[in-house]
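[1] I'll drop the sequence and a predicted model, then ask my questions.
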Amino acid sequence: MISGNLQQLRAQVAEAAGAARRTVESITVIAVSKGHEASSVRAAAVSGVLHFGESYLQEATRKLESLRDLQASWHFIGRLQANKSRSVAESFDWVHGIDRLKIAQRLSAQRPHYAPALQVCLQVNIAGESGKAGVAPERVSELARAVALLPRLQLRGLMCILPAQLSSADNRRHFGALRRLQEQLNAQGAGLDTLSMGMSADFRDAILEGATLIRVGTAIFGPRTASSDE
C-alpha cells in the first residue's frame, strides 16, 4: 500500500510542479510518520523516502532508536515544549515549529557540539487564527534576526499550518502570503531558502505558491494506527 501511495503522490507532485513551472527536484516530501509504526517508516524508506516528520516525542524517540540504520533526515514538526527541547536538539535534524525565541535559545544551547547545525524554520500564524501556534507575521522579522544569531542553529525558512477545509483559493492566498513574507525577509538579507507548507489535503496549492517542503502523512501511510502516549 505504501509503495503504491508514494507512486500516486509523486505523480501528483510532478503534476503540480509542472503547473507551477518548477522542477520536481525543488520539492521535498516529508513523510509524516507520527502515529505510525516503525515498520511503516521502513517500508517508506525502502520506496525511496529520505525525510520523516514526527510530532510526539516519546513515540519518536523509540522509533528513531529502532531505525538508526536508515539514512534518513528526521524533522520535528510538532509544538515543542521547553522541557522537552533537549531530546529534540539531540535527536533531530530539523525543527519546523519555532515561534518563540526561548525555544530557539534552548535548542541552540542543547545541540551537541559534535552534531551539524540544527536546521530550523519559524512557524508563522499566517491565517491569524486565535489561540493557534505561530508567530504573528508582523513579528517574524524580529524573531528571524534573533534566531539567526544563535550558534548551533541554521535558520532555513518559514513554516505554516492552515485551517482545515479551506477553499483552494484561500489556501493559495495564505501560502502566497507566507512566500511574500519570506521574500521580504530575504530582501533584508535573511538568506532563507525553505518554505515548509502544505499537507495531504493542500500540498498542490502549496506547491503552486512555492513550497519547498511538503509534509504528507495520510496520503502516504493512510489513517494513523498508533496513538501517542503524551
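    Arrived safely, thanks for sending. Residues are numbered from 1 along each chain as shown.

[2] For this structure, which helix or strand comes out least confident on mean pLDDT?
    In the chain, the helix or strand scored least confidently by mean pLDDT, DSSP states H and E is helix 57-66, which has a mean of 94.

[3] what packs against that one?
    Counting contacts by 3 or more C-beta pairs under 8 Å, 6 or more residues apart in numbering; DSSP states H and E, helix 57-66 is packed against helix 38-46, strand 51-54, strand 73-76, helix 85-91. Yep, even glycine has a C-beta here, placed from its N, CA and C like the rest.

[4] The first one packs against which elements?
    The elements that helix 38-46 packs onto, with contact taken as 3+ C-beta pairs under 8 Å, 6+ apart, are helix 2-19, helix 57-66, helix 218-221.

[5] pull the CA atoms of the last one into PDB?
    In other words, helix 218-221. Backbone C-alpha positions of helix 218-221 (Å, rounded to 0.1, in the frame of the first residue of the first chain) are rendered in PDB as follows:
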ATOM      1  CA  THR A 218      -2.300  10.300   5.300                       C
ATOM      2  CA  ALA A 219      -1.600  10.200   1.600                       C
ATOM      3  CA  ILE A 220       1.400   8.000   2.200                       C
ATOM      4  CA  PHE A 221       0.600   5.900   5.300                       C
END
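
[6] In that helix, which residues are buried?
    Of the residues in helix 218-221, those buried under the neighbour-count criterion (16 or more other C-beta atoms under 10 Å) are 219-221.

[7] still on that earlier bit, do you know which of the helices and strands packed on helix 57-66 lies nearest residue 171?
    When these are compared by C-beta to C-beta, strand 51-54 sits nearest residue 171, at 19.5 Å.

[8] Direction included, what does that closest one pair against?
    When sheet partners are counted by DSSP bridges, strand 51-54 sits next to strand 28-32 (parallel), strand 73-76 (parallel).

[9] that older thread, mean pLDDT, distance to residue 138 and mean neighbour count added to the helices and strands packed on helix 57-66, as JSON lines?
    Below are those laid out as JSON lines (pLDDT from 0 to 100; distance: least, C-beta to C-beta, whole Å; neighbours: other C-beta atoms under 10 Å):
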{"stretch": "helix 38-46", "mean pLDDT": "97", "distance to residue 138": "38", "mean neighbour count": "18"}
{"stretch": "strand 51-54", "mean pLDDT": "98", "distance to residue 138": "28", "mean neighbour count": "24"}
{"stretch": "strand 73-76", "mean pLDDT": "98", "distance to residue 138": "26", "mean neighbour count": "23"}
{"stretch": "helix 85-91", "mean pLDDT": "97", "distance to residue 138": "26", "mean neighbour count": "19"}
